[in-house]
Structure formats: structure tokens, C-alpha cells
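Visitor: Model the following, please.
(one chain, ligands or ions: 1)
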Amino acid sequence: MAWHQLCNLSTLKNGQGQEFLVGKTIVALFLQDSKLYATDGMCAHQGGPLAQGLVDGECITCPWHGWQYDLNTGNNLRTGKKMLDRYDVEVRGDQVWIEIPCESSEGASTAI
Ligand code: FES
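Guide: Residues are numbered from 1 along each chain as shown. Have a look, this model is predicted:
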């Protein structure tokens, strides 16, 4: 695992997602009610861009076909099965950092 700097906290808007490429991993970062969540950026169904989805509490709804996931666990809300990886995030100063497995995170992180 390795930590990567993602962005300045002030660039995030409550209730909206932001997509990042961290090495080879697409990540969706969400700020919701002063909490940060990070998951796979691509929906487990057909790869929809979860960062563009609707956030409601701790639920993210994919913008393409409406699959819903728990932001805390990555579980699909209909099946209860874990379908998304989730990542630890923390704020250091005014910067948001994310922990990603090393093999998929070599290289810089970039907002996309
Ligand atoms: S791609 Fe997300 S619900 Fe279909």
C-alpha cells in the first residue's frame, strides 16, 4: 500500500464526486456531510463513472443504470455483496491523501 496526494480539500464540493487517476487506478472521491469516501471510480455493472453519480447520505447511485452502493463498504445495496473496492483517505493539512495498493498505484495522481 502507498499513500498518494489527491487534491486540496477546498476543491471538493459537499455531495459531489471527483474522479482521479492514481497510477492505473480510477478512483471516485466524495465529500458528504464533512466525511470523505473513496471507491473504485468505475461501476461494477458496466463501468459507469461513479464520481458523476448522485450521493444521498452514504449511498452512491451510478448515473448510467442506477445501481447503488454503500460508500462505507463498497457493497451493492440490492445484493449486499461487496462490488467496489474502497480506499482509506485522510486529510493532512489542507491536502487529501489516499491509500492505494502499490501494484496499481505506481505513478502520479491526476484529477480527471
Ligand atoms: S454502469 Fe453503473 S449501473 Fe450500469
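
Visitor: Residues of the protein that sit close to the ligand?
Guide: Taking C-beta under 6 Å from any ligand atom as the contact definition, the chain meets the ligand at 43, 45-48, 62, 64-67. Every residue, glycine included, has its C-beta placed from N, CA and C.

Visitor: hmm, 8 Å instead?
Guide: Applying C-beta under 8 Å from any ligand atom, one finds that the chain approaches the ligand through 43-48, 50, 62-67.

Visitor: Can you name every helix or strand that the worst-scoring helix or strand of the chain on mean pLDDT contacts?
Guide: When the helices and strands of the chain are compared on mean pLDDT, DSSP states H and E, strand 109-111 comes out lowest with a mean of 79. Applying 3 or more C-beta pairs under 8 Å, 6 or more residues apart in numbering; DSSP states H and E, we find strand 109-111 packed against strand 2-8, strand 16-22.

Visitor: where in this protein is pLDDT low?
Guide: Regions of the chain meeting the criterion pLDDT under 70 cover residues 103-107.

Visitor: where along it do the helices fall?
Guide: For the chain, no helices are identified by DSSP state H.

Visitor: tell me the strands in it, going along the chain?
Guide: All strands of the chain, identified by DSSP state E, fall at 2-8, 16-22, 25-32, 35-40, 54-56, 59-61, 68-70, 86-87, 89-92, 95-100, 109-111.

Visitor: got the contact list for Glu90?
Guide: 36, 96-97 (C-beta atoms under 8 Å, 6 or more residues apart in numbering).

Visitor: No further queries at this time; thank you.
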